[in-house]
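# here's a sequence, model it:
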Amino acid sequence: MSISKKLFKGAFWNAISQFGSQGINFVILVILARVLEPRDFGLVGMVTVFTAFLGYFSEFGLTPSLVYKKDADTLDYQTVFWSTVLFAVATYLVVFAAAPFIARFYGSPELTAIVKVLFLTFLTSPLGFIPETIERKNLRYSRIAFSDLLALMGAGLVSVTLALKGYGVWSLVWFEVSRVFLRSFSLIFITAWHPRFMFSLTRFKPLFGNGVHF
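Next up, the predicted model:
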């Protein structure tokens, strides 16, 4: 397939993913808004200030470096995978320890548990980084779009069920956790990519050097 056709097809699937995600999100939020209290959304909103900010550092620019590198091979992919996993674990441990202070800052003791659970997304999101990078590098966006929509529908089902059963704010927390989990594992399953125990410090240094600018 020519590059122009790949670009057109990629734009088409990106549009499906964007509009489809917006539509599914809208339906889910309409249902949840009728079941949950405004305070439930506020509590999660407080935490997303931190998740959104730290999300910029979840991969340290390593996956854009892979896209940029023309001759990226298996060792490069595996090196980036384990690097992002280590970054994620380190970030989660810091946030886990800081959870009581975040709750104290907002004056809401229940945020301690919410922070610890919601930030589990940082542990599962790196699992999908490499499969997504491979698909983007090859301009194959259909699998990414399918994973996005599948994850949203699955997470929406989990969230609405919990909300109807009276779990309140936790239905919103587990929506995000299950969405990231389902997206990562669906990407692994669809692309048939699997991690191996391979790492190269020599490969890591230039990838990190380029990626840190991102």
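
# going forward, measure contacts and count neighbours with C-alpha atoms only.
Fine.

# phi, psi of the residue nearest to the spatial centre of the chain?
By C-alpha atoms, centre = their mean, the chain has its centre lying nearest to residue 125, at 4.2 Å. Phi and psi for residue 125, reported as degrees, to the nearest 10, are phi -60, psi -40.

# show me the contacts for it.
Residue 125 makes contact with 180-181, 184, according to C-alpha atoms under 8 Å, 6 or more residues apart in numbering.

# redo those as CSV? Include pLDDT.
Shown next, in CSV, are the contacts of residue 125 (pLDDT from 0 to 100):
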residue, pLDDT
180, 93
181, 94
184, 92
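
# helices - which of the residues you listed land there?
If you go by DSSP state H, these have 180-181, 184 in helices.

# circling back to that earlier point, distance check, the residue nearest to the centre of the chain against residue 176.
Distance, residue 125 to residue 176, by C-alpha to C-alpha, to the nearest Å: 11 Å.

# and for residue 32?
Residue 32 is 13 Å from residue 176, by C-alpha to C-alpha.

# now swap in residue 114 and tell me
Using C-alpha to C-alpha, which is the criterion applied here, residue 114 is 12 Å from residue 176.

# before we move on, what about residue 40?
Counting by C-alpha to C-alpha, the gap from residue 40 to residue 176 is 14 Å.

# these two: which is more packed in?
A count of neighbours by other C-alpha atoms under 10 Å puts residue 176 above the other of residue 40 and residue 176, at 21 against 16.

# for the more buried one, what are its contacts?
118, 121, 155.

# can you check residue 57 too?
So residue 57 contacts nothing (C-alpha under 8 Å, 6+ apart).

# can you pull out the helices in this protein?
3-35, 38-55, 62-68, 74-106, 111-118, 121-124, 129-137, 142-164, 169-191, 201-211.

# burial measure for residue 135, as a count.
17.

# what does residue 129 give?
21.

# surely it and residue 83 touch.
No. Applying C-alpha atoms under 8 Å, one finds residue 129 not in contact with residue 83, separated by 11.1 Å.

# from the ones in helices among the contacts of residue 125, pick the one nearest residue 74.
Here the nearest of the ones in helices among the contacts of residue 125 to residue 74, counting by C-alpha to C-alpha, is residue 184; it sits at 19.0 Å.

# which residues does the closest one contact?
124-129.

# can you rerun that using 6 Å?
The contact partners of residue 184, by C-alpha atoms under 6 Å, 6 or more residues apart in numbering, come to 125, 127-128.

# so which of those comes closest to residue 164?
Of these, the one sitting nearest to residue 164 (C-alpha to C-alpha) turns out to be residue 125, at 27.2 Å.

# any idea how far residue 202 is from the closest one?
Distance from residue 125 to residue 202, counting by C-alpha to C-alpha: 25 Å.

# give me the number of residues near residue 105?
By other C-alpha under 10 Å, the residues close to residue 105 number 11.

# just residue 18 next, same as before
13.

# try residue 146
Residue 146 has 19 nearby residues by other C-alpha under 10 Å.

# measure it to residue 92 for me?
In terms of C-alpha to C-alpha, residue 146 sits 28 Å off from residue 92.

# low pLDDT regions in the chain?
1-2 (pLDDT under 70).

# count of neighbours near the closest residue in space to residue 194 that isn't next to it in sequence?
Spatially, and ignoring its direct neighbours in sequence, residue 194 is nearest to residue 188 (6.7 Å; C-alpha to C-alpha, 6 or more residues apart in numbering). Using other C-alpha under 10 Å, residue 188 has 20 neighbouring residues.
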